[in-house]
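In: sequence below, structure please.
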Amino acid sequence: MNTLMSRPYAFSKMQIEDPEELKHRKAQFLIYKVLQQADSLNRPSWLRVRMRKLKIKIGKRLKRLRKSIFLTISTTVKNGVYKQVFGQLKTCKRLFGV
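Out: Numbering: from 1, shown residues only. Okay, the predicted model is just below:
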């Protein structure tokens, strides 16, 4: 008992704890934890927001670059096929005199 009085914020263990009180304390703790998590999720840091905007900006640029490369390649392929087909037709015309 002397040791309890010497320390101002010391606690002693309870002998029997009420089951209702135990459930109530557990529920309060869980509610507190959920609210704490909700608070941390609702306030995104400025760095996270900035990174998200940067990712969107980079994504848009990559999309544009991919489309332009695809168009360049597709027109080049089309031109290459076009040249091959007409080259073959010219050869056929020369061979058969058509």
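In: mind giving me the packing neighbours of the one helix or strand residue 54 maps to?
Out: Using DSSP states H and E, residue 54 sits in helix 46-96. Packing contacts for helix 46-96, counted by 3 or more C-beta pairs under 8 Å, 6 or more residues apart in numbering; DSSP states H and E, involve no helix or strand. Just so you know, the C-beta spots here come from the backbone N, C-alpha and C atoms, and that holds for glycine as well.
In: to the chain's geometric centre, what's the distance from that helix?
Out: The chain centroid and the centroid of helix 46-96 are separated by 28 Å, computed with C-alpha atoms, centre = their mean, to the nearest Å.
In: 57 is where my numbering starts, stick with that
Out: Got it, the first residue is 57 from now on, which makes the last one we talked about helix 102-152.
In: I'd like the average pLDDT over that helix.
Out: What helix 102-152 shows for mean pLDDT is 81.
In: before we move on, what about stretch 78-92?
Out: For stretch 78-92, mean pLDDT rounds to 92.
In: if I look at residue 132, how far off is residue 139?
Out: Separation of residue 132 from residue 139 (C-beta to C-beta, to the nearest Å) stands at 11 Å.
In: err, residue 109, not the other one
Out: Residue 109 is 45 Å from residue 139, by C-beta to C-beta.
In: alpha carbons of stretch 123-137, as PDB, please.
Out: Extracted in PDB, the C-alpha atoms of stretch 123-137 (Å, rounded to 0.1, in the frame of the first residue of the first chain):
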ATOM      1  CA  LYS A 123      -0.900   7.200 -79.800                       C
ATOM      2  CA  SER A 124       1.400   9.300 -81.900                       C
ATOM      3  CA  ILE A 125       3.900   6.400 -82.200                       C
ATOM      4  CA  PHE A 126       1.100   4.000 -83.200                       C
ATOM      5  CA  LEU A 127      -0.100   6.400 -85.900                       C
ATOM      6  CA  THR A 128       3.400   6.900 -87.200                       C
ATOM      7  CA  ILE A 129       4.000   3.200 -87.300                       C
ATOM      8  CA  SER A 130       0.600   2.400 -88.900                       C
ATOM      9  CA  THR A 131       1.000   5.000 -91.600                       C
ATOM     10  CA  THR A 132       4.600   3.800 -92.300                       C
ATOM     11  CA  VAL A 133       3.400   0.200 -92.500                       C
ATOM     12  CA  LYS A 134       0.500   1.200 -94.700                       C
ATOM     13  CA  ASN A 135       2.800   3.100 -97.000                       C
ATOM     14  CA  GLY A 136       5.200   0.200 -97.100                       C
ATOM     15  CA  VAL A 137       2.500  -2.200 -98.000                       C
END
